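Colleague: starting from these lines, generate the structure:
(chains A and B)
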Amino acid sequence: MEILRKVIEPLLGDALEELGINTDYWKKSLSQSRERDQGDLSLPCFSFAKEMSKDPNEIAKKLAEILSDKCNVHSVGGYLNFRADKKWLAAEVIKGFEHAGESNVLIEHTSANPNGPFHVGRARNAILGDSLVRLHRYYGNIVRSEYYVDDMGKQVGVLAWALDNLTKEKVDQILNSNTDSDSRWEGKSDHETVKWYQAAQLLRQEGDQEIESEISRMVHASENGDDTVLSKFEDSYSPVLDGMLATLSRLGIEFDTFTKESKFVVDGSVSRLMEAFENLEIVGTADNGAKFLDLGQRGLKGKTEFFYRRGDGSSLYATRDIAYHIWKWGQCDKLINVLGEDHKLQSKQVGLTLQELGYKVPEVMFYAFIKLPEGKMSTRRGNVVYMDDLLEEAKEHAAKIVRDLRSDLSEEEINHIAEAVGVSAVRFNIIKVSPDKGFTFRWEEALSFEGESAPFVMYSHTRACSIAKKVGRKPSECEIGEIGDSMYELLRIMAINHDRLSRAVNGNKPHIYATQMLELATAYNAFYRDCHVINEGVVNEFNFCISERARVMLEQGMNALGVIPLESM
RNA sequence: GGACACGUGGCCCAGCUGGAUAAGGCGGCGGCCUCCUAAGCCGCAGAUCGCGGGUUCAAAUCCUGCCGUGUCCGCCA
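Modeller: Predicted coordinates for the structure are as follows:
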């Protein structure tokens, strides 16, 4: 509880000085208490024991004695526990909390190859990335969200070739099915076009040299900045990308800017970069003239050669990525990338190279993959769950529940609630777990709307909304009233909201804030049970005031996670 | 083979800048709608924190070895 720390630290500093401790290394061990009944901040006194050659228990007791008339403090078994005064806490909560962000942040996320619809695995990037964007904005930072469009290279080449050379009939024949179950997405450009891509990939597997050389020709041309090929590529991937973005938009995910990979080839920054590499002391040349940097000299383990130029002089994906990063550094003071764990090595190489050139290393949030019970997700083997299907399923499931629970609502209202619940639940399920945890997608978990889920948080919020609606006005100025256990607990959770947000933002860990929302909702539910705002028609102003603060905090917090706050559900 | 992650009750997961009885959820069992929406609330059962060493007053947390799982190791993107 940082607001309490500000009060306690100076007092504690003085008290320790009195006992002859003049350093301030203890500040880092003064931390949030683990258990509720311990208090809000705790200081273990064991480390003082050696220095003072005294029993830690005695030290804690002595400190408690010195501080007893200045703050609420107890010593227990060598620990010093501080507790925020209830009324002070209530006043702080009513006053509200300032957010501290002031950085100019550029967050690049998703950046998926525009060659087919999102499955839930690929979408983890977008959901995590967008949550980070929202959290940073809530924190007060200026944020730009970027999508790096891979508009050159083999994947797009394959797609472009397929669209040029394969008819619909041919595609169906190659894929050996057009009566797929995914007819529900007929007309959605990413689902439609991915078939061409898949068909082409099958043909390539059969080893048709002509196809291969035609694709290479185009890819090569694109790498040299060939206008016609690049615009052909763009015509091929644009509809697919639009379809993919439509899915993200449904999830509440939008981008501020799109930057095309080809930009850095066309504007010459890639060739300038490769010239700059020549002057580095770790540069090396292979037999055929290909160039690399020996990152082993900079601490990279395993394979240390990082190739940035082919034998024929053309650039590689990673080279362009570095040019892109240099460009990004020119427009922000904090750079964050959201990447799958398969990019760890690549990202390390980019980071070391940037460092070698005198640039800062970007922060990276890595996430592990989502698997299916049957194994790894793979479009090719048909082992996928498309995000569009998941969203549709989640919405249907939500609609069923709303229809059950709320016979008073119109079909239109049910639809609106179901969409919000479905989308929020899908997002929250991904956000609430630590990104470096690989997890297995299970329908029954994805569609669980109880317990630790978005609807749980949404429901608490609607309860607060319902109260506000019943009262029908803003809370007026009031005295601080009675603070029972449930309210006290709510106040404490609210008081650490900013601490949690700060940890989530500065550590790139959205799940920390998801947990905070869960705890806030839980605390609000207890408050709702025990501290009635309206009693026999009379409004308890103090309770109402706290309820409103909690309502706003829930609303803002939900928005910061992409969970949609509804007034009724 | 090498590098990097992860391994916590039947299942999922938090905690891992070392600190006091390991927090939740799902599932199981038992309760609560004459009272601001029961997608809620309360109670019970369930954990040798993968295994072995080490550091420390103190280890789920740090170091190390092993085992298991995942990812990566392209002059692909």
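Colleague: rounded mean pLDDT for whichever strand or helix holds A:Gln155, please.
Modeller: Using DSSP states H and E, A:Gln155 falls within helix A:154-165. Helix A:154-165 carries an average pLDDT of 94.
Colleague: swap in stretch A:330-344?
Modeller: In the prediction, stretch A:330-344 has an average pLDDT of 96.
Colleague: distance between that stretch and the chain's centre?
Modeller: Offset of stretch A:330-344 from its chain centre (C-alpha atoms, centre = their mean, to the nearest Å): 12 Å.
Colleague: again with stretch A:473-480
Modeller: Counting by C-alpha atoms, centre = their mean, stretch A:473-480 comes out at 36 Å from the chain centroid.
Colleague: tell me if that stretch is near RNA strand B.
Modeller: No: under the criterion of C-beta under 7 Å from any atom of the strand, RNA strand B is not reached by stretch A:473-480; the shortest gap measures 12.6 Å. (Each C-beta comes from the backbone N, C-alpha and C, glycine too.)
Colleague: tell me which residues touch A:Arg551, please.
Modeller: Residues near A:Arg551 by C-beta atoms under 8 Å, 6 or more residues apart in numbering: A:His461, A:Ala464, A:Cys465, A:Ile467, A:Ala468.
Colleague: most neighbours among these, which one?
Modeller: A:His461 (27 neighbours; other C-beta atoms under 10 Å).
Colleague: distance check, that residue against RNA strand B.
Modeller: Applying C-beta to the nearest atom of the strand, to the nearest Å, the value for A:His461 to RNA strand B is 9 Å.
Colleague: check the secondary structure at the nearest residue to that residue once chain neighbours are set aside for me.
Modeller: Excluding its sequence neighbours, the residue lying closest to A:His461 (C-beta to C-beta, 6 or more residues apart in numbering) is A:Leu554, at 4.4 Å. Secondary structure, DSSP: H, G, I helix; E, B strand; the rest coil: A:Leu554 is helix.
Colleague: now the residue of the stretch 451-569 of chain A at minimum distance from RNA strand B: phi and psi?
Modeller: Closest contact between the stretch 451-569 of chain A and RNA strand B, by C-beta to the nearest atom of the strand, is at A:Gly451 (2.3 Å). Dihedral pair for A:Gly451: phi 60, psi -140, per degrees, to the nearest 10.
Colleague: helices and strands around the host helix or strand of A:Ser236, which ones?
Modeller: Taking DSSP H and E as the criterion, A:Ser236 maps to helix A:227-250. Under the contact criterion of 3 or more C-beta pairs under 8 Å, 6 or more residues apart in numbering; DSSP states H and E, helix A:227-250 touches helix A:120-139, helix A:154-165, helix A:189-205, helix A:209-223, helix A:387-405.
Colleague: in JSON lines, list the ones you listed along with distance to RNA strand B and mean neighbour count.
Modeller: Listed next are those as JSON lines, based on distance: least, C-beta to the nearest atom of the strand, whole Å; neighbours: other C-beta atoms under 10 Å:
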{"stretch": "helix A:120-139", "distance to RNA strand B": "10", "mean neighbour count": "24"}
{"stretch": "helix A:154-165", "distance to RNA strand B": "4", "mean neighbour count": "22"}
{"stretch": "helix A:189-205", "distance to RNA strand B": "12", "mean neighbour count": "20"}
{"stretch": "helix A:209-223", "distance to RNA strand B": "6", "mean neighbour count": "16"}
{"stretch": "helix A:387-405", "distance to RNA strand B": "4", "mean neighbour count": "18"}
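Colleague: picking up where we left off before, closest to A:Ala123 among the contacts of A:Arg551?
Modeller: A:His461 (24.7 Å; C-beta to C-beta).
Colleague: is that closest one in a helix, a strand, or coil?
Modeller: helix.
Colleague: ok, now which ones touch it?
Modeller: Neighbours of A:His461 in contact, by C-beta under 8 Å, 6+ apart: A:Ala521, A:Arg551, A:Leu554, A:Glu555, A:Met558, A:Pro565, A:Leu566.
Colleague: reformat those as JSON lines; add secondary structure.
Modeller: Shown next, in JSON lines, are the contacts of A:His461 (three-state DSSP):
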{"residue": "A:Ala521", "secondary structure": "helix"}
{"residue": "A:Arg551", "secondary structure": "helix"}
{"residue": "A:Leu554", "secondary structure": "helix"}
{"residue": "A:Glu555", "secondary structure": "helix"}
{"residue": "A:Met558", "secondary structure": "helix"}
{"residue": "A:Pro565", "secondary structure": "coil"}
{"residue": "A:Leu566", "secondary structure": "coil"}
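Colleague: enumerate the residues of the stretch 301-450 of chain A near RNA strand B.
Modeller: Near RNA strand B, when you scan the stretch 301-450 of chain A using C-beta under 7 Å from any atom of the strand, you find A:301-303, A:305, A:307, A:310-311, A:316-318, A:341-346, A:368-369, A:376, A:398, A:401-402, A:405-406, A:417, A:421, A:432-434, A:436-440, A:445, A:448-450.
Colleague: shaky segments in the stretch 251-400 of chain A?
Modeller: For the stretch 251-400 of chain A, no stretch is flagged by pLDDT under 70.
Colleague: typo on my end, chain A
Modeller: In chain A (pLDDT under 70), the answer is A:177-182.
Colleague: ok, now how distant is A:His325 from A:Glu341?
Modeller: 19 Å (C-beta to C-beta, to the nearest Å).
Colleague: same thing with A:Gly351?
Modeller: Taking C-beta to C-beta, one finds A:Gly351 at 15 Å from A:Glu341.
Colleague: the more surrounded of these two?
Modeller: Between A:Gly351 and A:Glu341, counted using other C-beta under 10 Å, the more crowded position is A:Gly351 (22 against 14).
Colleague: dump the residue contacts of the residue most central in space within chain A.
Modeller: For chain A, A:Leu128 is the residue whose C-alpha lies nearest the centre (C-alpha atoms, centre = their mean; 2.8 Å). Taking C-beta under 8 Å, 6+ apart, we find A:Leu128 in contact with A:His109, A:Val338, A:Met365, A:Tyr367, A:Ile430, A:Ile431, A:Pro435, A:Pro510.
Colleague: mind running it again at 10 Å?
Modeller: A:109-110, A:338, A:365-367, A:427, A:430-431, A:435, A:508-511 (C-beta atoms under 10 Å, 6 or more residues apart in numbering).
Colleague: ok, now A:Ala394?
Modeller: A:Ala394 neighbours (C-beta under 10 Å, 6+ apart): A:418-419, A:421-426, A:429, A:443, A:446-447, A:449, A:454.
Colleague: what subset of these is buried?
Modeller: A:418-419, A:421-426, A:429, A:446-447, A:449, A:454 (16 or more other C-beta atoms under 10 Å).
Colleague: show me where the stretch 1-150 of chain A has its strands.
Modeller: Ranges of strands in the stretch 1-150 of chain A, per DSSP state E, counting those that start in this stretch, are A:31-32, A:41-44, A:73-76, A:79-82, A:104-108, A:142-149.
Colleague: quick one: residues in contact with the third one.
Modeller: Strand A:73-76 is touched from outside by A:8, A:11-12, A:15, A:38-39, A:41-43, A:45, A:56-68, A:80-83, with contacts defined as C-beta under 10 Å, 6+ apart.
Colleague: of those residues, grab the buried ones for PyMOL.
Modeller: A single PyMOL command selects the buried members of the contacts of strand A:73-76 (16+ other C-beta under 10 Å):
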select buried, chain A and resi 8+12+15+38+39+41+42+43+45+56+57+59+60+61+62+63+64+66+67+80+81+82+83
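Colleague: no further questions, thank you.
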